[in-house]
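Asker: no sequence on this one, just coordinates:
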């Protein structure tokens, strides 16, 4: 009996569980570009193009390897427009009643497959170091689910940068060395690729169908197959990783990538294996080409943070994206979609996001994320914005970063305190403030004062009952209380004007 083998657009690896379990001699691989997956949020055109182009190339690779592949392009006249619909159509075509699938990375699609009137077996996606059971075993009985301790277990499990049971250099974490503001000498950029015929065909499709979506489609320079992605990895390790550690928190106008890898999208859709990426960094460190703080900091992002947020997403369940622990209700302001703002740091991050479908983690956390938190924006709207606009955003990885780390909407499961700061942090880590219409040094109640400064104190004041007993925030409240009453009143009035 023929079975269908579902391969989704973020499962483009011959090592996904469903393909490993399937029988090449008699099973049919189903891949489909469907309208429903392009429209549940308004994805950036570059994201849609990357996934469709990589899917088409992967389908060719599977066929060349002997698989029977039933592929639906978006504009096929028989395309039903949904993954369940395409499975039912192919089941009727091939006389199949059973589907093998690798578990999707979104509760939404997991539920859709469960509701399909076929026998669908969802196999756990084991392209991760930690299985669901591994994470649940680690989380059981803990008062706080902090990433640092999970990360140490992942280092032990993988053996990455370990000397027996001891971490390389006798330290687990070199983050203290990774907070330097950038210099004015950036000598690297991610590897770029010229679109081939397959990519150009997809770009024409996306241009015709998604021209109203937020984001610029062309130029499109992303890798769209494993060979290209591995070249991009090798380029990063050789040219950018040596300085990645020192400057990973820095921001600089005109330098959108600095020494960041720009590989997360390739890892998240299956073009690169996460351990392959980590081992490349480890080997460069072992060879003496990369300092220990750079290699450790990069590996921590993958086997630490990436694995951890996936564990949180599945541990917390389908309602995670609806959480709103601080009761924030303001609508996402138009400036997030390119509307005019005089805040230089926010304007630059949004402009870059629109043009590149990319901003690095500090821009996301400490600029667009911090401003949304300070301003009291509805976290679900913030979540949907991040899911829409970034090329590497899939719900399993994006939602914990937004709902938990960025917006503190999960009540402190991920973060022990809200990630908010005044304009001083942005001034220290970037050159934005020197070009801004606002004065980061102005007294907080003045009209030209940086909005991050006034909103920072406004946030602390309105959430005082929640946070004044937090040991990491007690000094902030003491500083607020030492201000004279007139100054506090001026600050709150200025913040109110900004919010209005």
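Answerer: Noted; the coordinates are in hand. Here the structure is a predicted model, which is why all the values come from computation and not from measurement.

Asker: now do stretch 98-115: distance to the chain's middle.
Answerer: Its chain's C-alpha centre lies 21 Å from the corresponding centre of stretch 98-115 when counted by CA atoms, centre = their mean, to the nearest Å.

Asker: quick check: mean pLDDT of that stretch?
Answerer: When pLDDT is averaged over stretch 98-115, the result is 98.

Asker: same check on stretch 465-474?
Answerer: 96.

Asker: run the chain-centre distance for it.
Answerer: With CA atoms, centre = their mean, you get 29 Å for stretch 465-474.

Asker: in it, which residues are buried?
Answerer: Buried residues in stretch 465-474, defined by neighbour count with 16 or more other CB atoms under 10 Å: 466-467, 473. All C-beta spots, glycine's among them, are computed from the backbone N, C-alpha and C.

Asker: my guess is residue 380 contacts residue 324. True?
Answerer: Yes. The pair residue 380 / residue 324 is scored as a contact, 7.1 Å apart, by CB atoms under 8 Å.

Asker: taking the buried residues of stretch 465-474 one by one, which sit in helices?
Answerer: Counting by DSSP state H, those place 466-467 in helices.

Asker: coming back round to it: residue 380 and residue 324: which has the busier surroundings?
Answerer: Comparing residue 380 with residue 324 by neighbour count (other CB atoms under 10 Å), the higher total belongs to residue 380, at 19 against 15.

Asker: pretty sure that one belongs to a helix, no?
Answerer: Yes. Assignment of residue 380 by DSSP: H, G, I helix; E, B strand; the rest coil places it within a helix.

Asker: against residue 320, how distant is it?
Answerer: Per CB to CB, to the nearest Å, residue 380 is found 11 Å from residue 320.

Asker: residue 7 too?
Answerer: Here the criterion is CB to CB. By it, residue 7 lies 26 Å from residue 320.

Asker: who's more crowded, those two?
Answerer: Set residue 7 next to residue 320 and count neighbours by other CB under 10 Å: residue 7 wins out with 28 against 21.

Asker: ok, now which ones touch the nearest residue to the more buried one once chain neighbours are set aside?
Answerer: Spatial nearest neighbour of residue 7, chain neighbours left out: residue 31 (5.1 Å); criterion: CB to CB, 6 or more residues apart in numbering. Each residue near residue 31 by CB atoms under 8 Å, 6 or more residues apart in numbering is listed here: 7-9, 55, 58-59, 69-72.

Asker: one more: residue 27?
Answerer: By CB under 8 Å, 6+ apart, the contact set of residue 27 is 2-5, 68, 100.

Asker: which of these fall in strands?
Answerer: 3-5, 68, 100 (DSSP state E).

Asker: which PyMOL command selects the buried ones in those?
Answerer: This is the PyMOL syntax for the buried subset of the ones in strands among the contacts of residue 27, where burial follows 16+ other CB under 10 Å:
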select buried, resi 3+4+5+100
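
Asker: could the ones in strands among the contacts of residue 27 go into TSV alongside distance to residue 235?
Answerer: Converted to TSV, the ones in strands among the contacts of residue 27 look like this (distance: CB to CB, whole Å):
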residue	distance to residue 235
3	40
4	38
5	33
68	36
100	36
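
Asker: what is the most widely separated pair among the ones in strands among the contacts of residue 27?
Answerer: Spatial extent of the ones in strands among the contacts of residue 27 (CB to CB) is set by the pair 68 and 100 at 13.7 Å.

Asker: so how far is residue 73 from the residue nearest to residue 7?
Answerer: Per CB to CB, residue 31 is found 10 Å from residue 73.

Asker: same thing with residue 112?
Answerer: On the measure of CB to CB, residue 112 and residue 73 end up 21 Å apart.

Asker: ditto for residue 172
Answerer: Residue 172 is 47 Å from residue 73, by CB to CB.

Asker: try residue 52
Answerer: In this structure, residue 52 and residue 73 are 8 Å apart, going by CB to CB.

Asker: of these two, who's got more company?
Answerer: Regarding residue 52 and residue 73, a neighbour count based on other CB under 10 Å identifies residue 52 as having more, with 23 against 16.

Asker: circling back: what helix or strand is the residue nearest to residue 7 located in?
Answerer: strand 28-32 (DSSP states H and E).

Asker: residues contacting residue 406?
Answerer: Counted by CB under 8 Å, 6+ apart, residue 406 has contacts 364-365, 369-370, 372-373, 382, 386, 419.

Asker: may I see the PyMOL selection of the buried members of those residues?
Answerer: Typed into PyMOL, the line below selects the buried ones among the contacts of residue 406, using 16+ other CB under 10 Å:
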select buried, resi 364+365+369+370+372+373+382+386
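
Asker: greatest separation within the contacts of residue 406: which pair is it?
Answerer: 386 and 419 (14.2 Å).

Asker: re earlier: for ChimeraX, write the select line for the buried members of the contacts of residue 31.
Answerer: Buried members of these, defined by 16+ other CB under 10 Å, are picked up in ChimeraX with:
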select :7,8,9,55,58,59,69,70,71,72
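
Asker: could you dump the contacts of residue 31 into a markdown table with pLDDT and distance to residue 96 added?
Answerer: Below are these laid out as a markdown table (pLDDT from 0 to 100; distance: CB to CB, whole Å):
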| residue | pLDDT | distance to residue 96 |
| --- | --- | --- |
| 7 | 99 | 15 |
| 8 | 98 | 18 |
| 9 | 98 | 21 |
| 55 | 99 | 21 |
| 58 | 99 | 21 |
| 59 | 98 | 18 |
| 69 | 98 | 14 |
| 70 | 98 | 10 |
| 71 | 98 | 16 |
| 72 | 98 | 15 |
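
Asker: going by distance to residue 116, which of the contacts of residue 31 wins?
Answerer: Distance to residue 116 across those (CB to CB) is lowest for residue 8, with 13.8 Å.

Asker: now that closest one, what are its backbone angles?
Answerer: Backbone geometry at residue 8, expressed as degrees, to the nearest 10, gives phi -90, psi 170.

Asker: isn't it up against residue 104?
Answerer: Yes. At 6.1 Å, residue 8 counts as touching residue 104 under the criterion of CB under 8 Å.

Asker: can you show me the helices along the stretch 401-500 of the chain?
Answerer: Counting by DSSP state H, counting those that start in this stretch, the segments of the stretch 401-500 of the chain that form helices are 423-429, 451-462, 464-467, 474-482, 485-499.
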